[in-house]
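1. Following is a predicted model, sequence given first.
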Amino acid sequence: MTQILEPDSLSGRRALVTGSSRGVGADTVRYFAEAGADVVVNFRNKAPRAEKLAAQLQELGVRALVQGADLTDPESVAAMMAEIKAAFGGLDILVLNASGGMEGGMAEDYALQLNRDAQLSVLEAALPLMGEGSRVVFVTSHQAHFIRTTPTMPEYEPVALSKRAGEDALRERIPELAERGIEFVVVSGDMIEGTVTATLLNRMNPGAIEERREQAGRLYNVAEFAAEVARAAVEPVPADHTRLVGDTTSFGA
Ligand SMILES: NC(=O)c1ccc[n+]([C@@H]2O[C@H](COP(=O)([O-])OP(=O)(O)OC[C@H]3O[C@@H](n4cnc5c(N)ncnc54)[C@H](OP(=O)(O)O)[C@@H]3O)[C@@H](O)[C@H]2O)c1
């Protein structure tokens, strides 16, 4: 992976990326650490992966705290924030990346629990740790961001609706965040090649990835999209608090 942010540009800053044991979250947390930030690697199930990543990041000379927490469980979130406070004293960057809803064996409303309710409760629990000049980044997909105007695959629709509901609920907090001097930005991207979700959707809808690639011209991979998420945490926030990654013409944008 190439370095995306200026070396040492995040020295002394502290970042939590939810769902950073794998995928986009793992690459994002690595970019922050490469820029000198102390980081929190959060996972739900994949403890060994999270531990391995944290060990690699520590070799860069930063602090890397591993926190297992199911974000749909408020007690688990509170315990994670208490650990972060004790270890780092606060947070400068919160990336709300963790997402789900297509897992089997979960409650019927699990997508809403994770993609809307848990996003709000993580923000709520993190706020006491965040001061002026800190930033919240919410990660979503074009398929979710544009769900009100552009239909998506039926298997992804509940996830898309729940992620859009989460985005809307977070956006309602912008005035309050602004009062506290906390910035907020949404990063939205197309299907990402090589991810579990895209692979699963492609299995259910053979040819879906290829079709999207043709419509969009090209699709981002995990490292490329994570680079956009990392940049969103440091570059000026667009006036509409939205960073759209890649081609959006087929979404009417
Ligand atoms: N995949 C795509 O094609 C795509 C496209 C555009 C945007 N995005 C967005 O990018 C973000 C990351 O996507 P991804 O594909 O990298 O995700 P992923 O590979 O499915 O990883 C999800 C991460 O979230 C964690 N997680 C899931 N449920 C959790 C819970 N209840 N509590 C705590 N952590 C939980 C997982 O932890 P464990 O590993 O421990 O299970 C994992 O670290 C999402 O917001 C997604 O909407 C993805």
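-> That came through, no problem. Fair warning: this is a prediction, and the values are worked out from it, not measured in the lab.

2. Going by C-alpha atoms from here, please, whenever you check contacts or count neighbours.
-> Fine.

3. what does the stretch 151-253 of the chain have sitting close to the ligand?
-> 189-192, 195-198 (CA under 6 Å from any ligand atom).

4. now, the most widely separated pair of those residues?
-> 189 and 196 (15.3 Å; CA to CA).

5. Dump the C-alpha coordinates for the strand or helix carrying residue 29 into PDB.
-> If you go by DSSP states H and E, residue 29 is part of helix 23-34. What follows is helix 23-34, C-alpha atoms only, in PDB (Å, rounded to 0.1, in the frame of the first residue of the first chain):
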ATOM      1  CA  GLY A  23     -11.800  -4.500   4.400                       C
ATOM      2  CA  VAL A  24     -12.000  -0.700   4.000                       C
ATOM      3  CA  GLY A  25     -11.700  -0.100   7.800                       C
ATOM      4  CA  ALA A  26      -8.400  -2.000   8.100                       C
ATOM      5  CA  ASP A  27      -6.800  -0.100   5.200                       C
ATOM      6  CA  THR A  28      -8.100   3.200   6.500                       C
ATOM      7  CA  VAL A  29      -6.700   2.700  10.000                       C
ATOM      8  CA  ARG A  30      -3.400   1.700   8.400                       C
ATOM      9  CA  TYR A  31      -3.300   5.000   6.400                       C
ATOM     10  CA  PHE A  32      -3.900   6.900   9.700                       C
ATOM     11  CA  ALA A  33      -1.100   5.100  11.500                       C
ATOM     12  CA  GLU A  34       1.300   5.600   8.600                       C
END
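
6. Which elements pack onto it?
-> strand 14-17, strand 38-43, helix 47-58, helix 222-232 (3 or more CA pairs under 8 Å, 6 or more residues apart in numbering; DSSP states H and E).

7. Save the ones you listed as TSV, and put in mean pLDDT and mean neighbour count too.
-> Formatted as TSV, the helices and strands packed on helix 23-34 follow (pLDDT from 0 to 100; neighbours: other CA atoms under 10 Å):
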stretch	mean pLDDT	mean neighbour count
strand 14-17	99	27
strand 38-43	98	27
helix 47-58	98	18
helix 222-232	98	22
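
8. Tabulate these (TSV), appending distance to residue 76.
-> Formatted as TSV, the helices and strands packed on helix 23-34 follow (distance: least, CA to CA, whole Å):
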stretch	distance to residue 76
strand 14-17	15
strand 38-43	11
helix 47-58	15
helix 222-232	25
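
9. So for residue 119, which of the ones you listed sits nearest?
-> strand 14-17 (12.0 Å).

10. That closest one close to the ligand?
-> No - judged by CA under 6 Å from any ligand atom, strand 14-17 stays clear of the ligand, getting no closer than 9.1 Å.
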